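> Using only what follows, build the 3D model:
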Amino acid sequence: GRDFTATGWLIRDANGHLISSGCAKLQKSYLALQAEALGFLYALQVVWIQGHRCVYFEGDNMELVKLINTMGDHVKLGTLLYDIRQWMRKLPLVSLAHVNREKNAAADVLSNRVSSINSLYQTFTIPPAWLVNYLYYPFTI
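Numbering: from 1, shown residues only. From the prediction side, this is the model:
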């Protein structure tokens, strides 16, 4: 029922320590899968802009992870999968794995925060207090 799609992301180093995080208001989506694809595309662009080139992505939408990893197609996603693959090709070392929703709790908290911001996006290099309890829900690499 909103006029935008909310997304949240976290970027961690190889030891699991938070480098940055953020949330954004994206274009309106009409399907949950489309919202997930828009969010992943935005995350790809964020890591590129921040200069990261070797990235291990985790997402909690198994259908999207499978579509991306198997080079699948989905008629309702239009060119989103093509755009995602183009951005992934820019990264010399990239992978995408499925994680359970609990492990993705911090990103969910960030995406829920979007409704309370007055701008299109917000980024954090130091985690805000309301996010800290969700950051290290048993994090393992």
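> Report the secondary structure state of residue 106.
Following DSSP: H, G, I helix; E, B strand; the rest coil, the label given to residue 106 is helix.
> Tell me which residues touch it, please.
When contacts are counted by C-beta atoms under 8 Å, 6 or more residues apart in numbering, residue 106 touches 8, 10, 21, 131, 134, 135, 137. C-beta here means a position set from N, CA and C on the backbone, and glycine is covered the same way.
> Leaving out sequence neighbours, find the closest residue to the third one.
Which is residue 21. The shortest distance from residue 21 to any non-neighbouring residue, by C-beta to C-beta, 6 or more residues apart in numbering, is to residue 10 (4.4 Å).
> and that neighbour, how many neighbours?
Look at residue 10: counted by other C-beta atoms under 10 Å, it has 21 neighbours.
> Check residue 26 too.
Residue 26 is flanked by 17 other residues according to other C-beta under 10 Å.
> any idea how far it is from residue 129?
Shown here: residue 26 relative to residue 129, a distance of 26 Å by C-beta to C-beta, to the nearest Å.
> got it, and residue 38?
Applying C-beta to C-beta, the value for residue 38 to residue 129 is 28 Å.
> For the helix or strand encompassing residue 96, name the packing helices and strands.
Using DSSP states H and E, residue 96 sits within strand 93-98. Helices and strands touching strand 93-98, by 3 or more C-beta pairs under 8 Å, 6 or more residues apart in numbering; DSSP states H and E, are strand 54-59, helix 62-69.
> What is the next helix or strand after the longest one packed up against?
Going back to what we said before, that points to helix 62-69. Downstream of helix 62-69, the first helix or strand assigned by DSSP H and E is helix 80-89. Contacts defined by 3+ C-beta pairs under 8 Å, 6+ apart place helix 80-89 against helix 32-49, helix 62-69.
> Could you export those to JSON lines, including columns for mean neighbour count, mean pLDDT and distance to residue 97?
Listed next are these as JSON lines, based on neighbours: other C-beta atoms under 10 Å; pLDDT from 0 to 100; distance: least, C-beta to C-beta, whole Å:
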{"stretch": "helix 32-49", "mean neighbour count": "19", "mean pLDDT": "97", "distance to residue 97": "12"}
{"stretch": "helix 62-69", "mean neighbour count": "17", "mean pLDDT": "98", "distance to residue 97": "7"}
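> All set, thanks.
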